[in-house]
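Q: here is a sequence together with a model predicted from it:
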Amino acid sequence: MTGPRTPRFPRLLVTGGAGFIGSCFVRDRLARRDGTHIAVLDKLTYAGNRANLASAESDPEQAARLEFVQGDIADPTVVAPLVAEADAVVNFAAESHVDRSILDPEAFLRTDVLGVHVLLEACRAEQERAAKGERAAAPRFLQVSTDEVYGSVESGVSHEDDRLEPRSPYSAAKAGGELLVRSYFVTYGLDAVVTRGSNTYGPYHHPEKLIPLFITNAIDDQQLPLYGDGLQRRDWLYVGDHAGAIGHVLAHGRAGETYNIPGGNERANREVVARLLELLGKPWSLVRQVEDRPGHDRRYAMDGSRLAALGWRNGMPFEEGLAATVQWYTHNEAWWRAIKSGEWEDYYRRQYAARLAGSRDAG
């Protein structure tokens, strides 16, 4: 029997590695037990949660290959020494909730644009060191982006070379970060790739987002605030598939390219909510139709042929993934109840109190 293959990138810097998708990537990569060392840099804002890494940190073999640094990707003094030790940098760090970007756009620009710039400059410095023979090769940089940079797609699907038309401060900031990455590839020859993932769901998802919010509210028989008519359409991607696809692009993607990561599971929000309630055994009467989000994109859909040509296929069927997600939240109440307190309560009041007060039956 042969042992695990030597990883192409034996030392990874994963920024935002305590967040939803980032922590899944870290857990899955460490669980391979192939010798990969991972440094996680995370600011631990409201969406970053050290508990998301608990399973790896409680495993002695995995913990020995995991370093955690609390810090900001926009701080060059924190970033530079970590990038200097990395063979690749995978940037999950982002402010990522559209509703919060409407309430406070500036925080999104700092992380999603300025933070990306700091990371790219650190990689460029290492590229110069490599040119001088001070290290074997410059680190590869992978920027994790979103399908929301395309804007609302009324028909058909978005391709990687389509025009970007972001419609919220969040998606505009993510588009800005992508453009910086592209410019560093073109101008400096930096080894960089970009992924654009579709709406992602699964365990450890912060309860501000649709699926975990509605699951946790329904468990407590609280009202479920459904934006507008609920006919907005999203393509749902299981978090394990998203993390796996990012790893695949990191290993096999061509420098300078962007890769869509679709889920292949397009559903209207109402349809997803109805299925969640069926799985939980809760009534539709909990759903309330509330005032829609300003500039709410109606539909996202992406073509995935470029990623498929690299040999990637998603593995989780939507129905199975949704059931597993409901089960996880049902069995891990301590995790999400700790989050839905303090700052969360203030945010929830700001975002939904007036909407729920003016809501109507969603039937």
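A: That came through, no problem.

Q: going by C-alpha atoms from here, please, whenever you check contacts or count neighbours.
A: OK.

Q: for R288, name its beta-bridge partners.
A: P225, D361 (DSSP bridges).

Q: right, and it touches D229 too?
A: No - contact criterion C-alpha atoms under 8 Å: R288 and D229 do not qualify, at 10.1 Å.

Q: run the chain-centre distance for stretch 272-283.
A: Computed by C-alpha atoms, centre = their mean, to the nearest Å, the separation of stretch 272-283 from the middle of its chain amounts to 25 Å.

Q: R288 and D229: which is more packed in?
A: Between R288 and D229, counted using other C-alpha atoms under 10 Å, R288 has the larger neighbour count: 22 against 14.

Q: quick check: neighbours shared by R288 and D229?
A: A362 (C-alpha atoms under 8 Å, 6 or more residues apart in numbering).

Q: following the least confident helix or strand in the chain by mean pLDDT, which helix or strand comes up?
A: Least confident element among the helices and strands of the chain, by mean pLDDT, DSSP states H and E: helix 98-103 (a mean of 53). As assigned by DSSP states H and E, the chain's next helix or strand after helix 98-103 is helix 105-109.

Q: in the helix or strand just after that next one, what's buried?
A: Sequence order places helix 116-131 as the next helix or strand after helix 105-109, per DSSP H and E. Neighbour-count burial for helix 116-131 flags 116-127, 129 (criterion: 16 or more other C-alpha atoms under 10 Å).

Q: ok now helix 116-131, how far from the chain's centre?
A: From the chain centre to the centre of helix 116-131 is a distance of 24 Å (C-alpha atoms, centre = their mean).

Q: which strands or helices does that helix pack on?
A: Applying 3 or more C-alpha pairs under 8 Å, 6 or more residues apart in numbering; DSSP states H and E, we find helix 116-131 packed against helix 76-84, helix 169-188.

Q: can you list the residues that contact the helix or strand just after the shortest one?
A: Read it as helix 76-84. Next helix or strand after helix 76-84 toward the C-terminus (DSSP H and E): strand 88-91. Applying C-alpha under 8 Å, 6+ apart, the contact partners of strand 88-91 are 9, 11-16, 83, 116, 139-144.

Q: for stretch 264-278, same thing?
A: Outside stretch 264-278, the residues that touch it by C-alpha under 8 Å, 6+ apart are 211, 214-215, 218, 230-237, 283-284, 301, 318, 322, 326.

Q: mind running it again at 6 Å?
A: Outside of stretch 264-278, the residues within contact range by C-alpha atoms under 6 Å, 6 or more residues apart in numbering are G230, L231, Q232, R233, R234, D235, W236.

Q: separate out the buried members of the residues you listed.
A: G230, Q232, R233, R234, D235, W236.

Q: so what's the third one closest to, chain neighbours aside?
A: Using C-alpha to C-alpha, 6 or more residues apart in numbering and skipping the chain neighbours, the partner closest in space to R233 is A268 (4.2 Å).

Q: for the nearest residue to G315 once chain neighbours are set aside, pull up the helix or strand it's in.
A: Spatial nearest neighbour of G315, chain neighbours left out: D241 (6.5 Å); criterion: C-alpha to C-alpha, 6+ apart. Counting by DSSP H and E, the element that carries D241 is helix 239-252.

Q: ok, A93 touching V14?
A: No - assessed by C-alpha atoms under 6 Å, A93 is found out of contact with V14, at 8.4 Å.

Q: any idea how far F92 lies from R196?
A: F92 sits 11 Å away from R196, going by C-alpha to C-alpha, to the nearest Å.

Q: next one: the residue nearest to G315 from P317, what distance?
A: 10 Å.

Q: these two: which has the busier surroundings?
A: Neighbours per residue (other C-alpha under 10 Å) separate D241 from P317, with D241 holding more: 22 against 13.

Q: the contacts of stretch 264-278 in strands, which ones?
A: Among the contacts of stretch 264-278, the members falling in strands (DSSP state E) are R233, R234, D235, W236.

Q: bridged to the last one, which residues?
A: Translated: W236. W236 has these beta-bridge partners by DSSP bridges: N199.

Q: mean pLDDT lowest for which of the helices and strands packed on helix 116-131?
A: Mean pLDDT values for the helices and strands packed on helix 116-131 show the minimum at helix 169-188, a mean of 95.

Q: contacts for the helix or strand just after that helix next, please.
A: As assigned by DSSP H and E, the chain's next helix or strand after helix 169-188 is strand 192-197. Contact partners of strand 192-197, identified using C-alpha under 6 Å, 6+ apart, comprise 140-147, 255-261.
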